[in-house]
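S.K.: Fold the following.
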Amino acid sequence: MKNKKQSSFFETLYHHKDRLWSMVWFLGMLLLFIWDMLYLNRPALLKVIDGAMNTFLIAFLVIVFALFIAWLAVNLLFIIRRKGFFVLETVLTFLIDIIRSIPQIIGILLGFVFIAGLLYRNIIQSPMAILLTAVLIAFFVFQELMDLMLDRVNHFRRLDFYQAMTVCGISGSRILNYHILWKNSRRHIFNKVVAIFGVAVFLQCSVDFIISVGLSTDISSMDLPVTLGGLLAHIDSKQDILAIGHAITNPGYFPNLFFKHLQGISVAFSIVFSLLCIYKISNGLSERFRL
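M.R.: Coordinates of the predicted model:
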């Protein structure tokens, strides 16, 4: 019986790639944490832990805010179209297209400079900076969720069941939010949310790295939220990453990377490994749900 259960468990993992890569991600990060606990000095360890926690917290908040903004936009467009307010629909669509036309990396970069300026002037503190960063990134990625929701709404509006529910007296908002978005589209939305989580991590680390490299000494000394991207820009981490090139030309130096240069290696590994696993999880969900 035990062998059957074990084989069934591994078969499930093999066929459900999302679960397999979720486990790989968890175990990989757990092994990294244990290794860092053993060989990384305590101040650097605390920085890496804080950076990872802040990075994934911001990414989680991004999907929460992106979901809310996308849901709000879809509901507004749905109501406006039903009421026949074509001018308002044109204005709202135009505003969304303006946001869509701004390159994500540029918009987030400018927004983060603004947040850093607020921190420098003591107008906000680090917890508020984390929240504002999440809202900022969500503002530039919610269009993907909104487009998915609108596609699902337009698809179901062409079916007979939409007209049948309308004739039965079911309100438009219930048809939209429960029967279309929740009951028939939640798998699609969840898969997109996982992908946006990875996008949020990538954008955050990229922009934070650029900002941290370019900040002045005065602003750098402020209580900026520690993230993996910011840690990667620190001089210690950059030296650790450069040591990889030295190890390539001098293979005998390679074992030292995991002891003498552990901070930079841990940060870089956390970013790359997490992005890879999130990508695989998203693809696995698409295969399992046949999206």
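S.K.: Please identify which helix or strand holds the closest residue to Phe56 other than its chain neighbours.
M.R.: Distances taken as Cβ to Cβ, 6 or more residues apart in numbering put Val201 closest to Phe56, at 7.3 Å, once the chain neighbours are dropped. Where C-beta positions appear, they are placed from N, C-alpha and C, glycine not excepted. If you go by DSSP states H and E, Val201 is part of helix 186-214.
S.K.: Equivalent analysis for Ile58, please.
M.R.: Following DSSP H and E, one finds Ile58 within helix 42-83.
S.K.: and that helix, how far from the chain's centre?
M.R.: 7 Å (Cα atoms, centre = their mean, to the nearest Å).
S.K.: now it: mean pLDDT?
M.R.: In this model, helix 42-83 carries a mean pLDDT of 94.
S.K.: Leu181 in helix, strand or coil?
M.R.: Here Leu181 is recorded as helix under DSSP: H, G, I helix; E, B strand; the rest coil.
S.K.: Just to check, it is in contact with Met149?
M.R.: Yes. In this structure Leu181 lies within contact range of Met149 using Cβ atoms under 8 Å: 6.2 Å.
S.K.: of these two, who's got more company?
M.R.: Met149 (25 against 22; other Cβ atoms under 10 Å).
S.K.: Where does pLDDT dip in the stretch 151-291 of the chain?
M.R.: 214-224, 235-236 (pLDDT under 70).
S.K.: how near is Leu131 to Gln104?
M.R.: Using Cβ to Cβ, to the nearest Å, Leu131 is found at 19 Å from Gln104.
S.K.: re the thing from before, any shared contact partners between Leu181 and Met149?
M.R.: Residues touching both Leu181 and Met149 (Cβ atoms under 8 Å, 6 or more residues apart in numbering) are 71, 74, 189.
S.K.: just these now: which is nearest Leu176?
M.R.: Of all the shared contacts of Leu181 and Met149, the one with the least separation from Leu176 (Cβ to Cβ) is Val74, at 7.5 Å.
S.K.: how about the closest one, what does it touch?
M.R.: 146, 149-150, 153, 176, 181 are the contacts of Val74 under Cβ under 8 Å, 6+ apart.
S.K.: In helices only, show me these.
M.R.: Of those, the ones assigned to helices by DSSP state H are 146, 149-150, 153.
S.K.: Name the member of those residues with the most neighbours.
M.R.: For the ones in helices among the contacts of Val74, neighbours were counted using other Cβ under 10 Å, and Met149 has the most, 25 neighbours in all.
S.K.: so how far is Glu287 from the closest residue in space to that one that isn't next to it in sequence?
M.R.: Counting by Cβ to Cβ, 6+ apart, the nearest residue to Met149 once its immediate chain neighbours are dropped is Val74, at 4.6 Å. The gap separating Val74 from Glu287 is 27 Å, by Cβ to Cβ.
S.K.: got the angle for the helix or strand where Ile241 lies vs helix 42-83?
M.R.: Ile241 belongs to helix 235-249 when assigned by DSSP H and E. Using axes from the mean of the first three to the mean of the last three Cα atoms, to 10 degrees, the inter-axis angle of helix 235-249 relative to helix 42-83 is 100 degrees.
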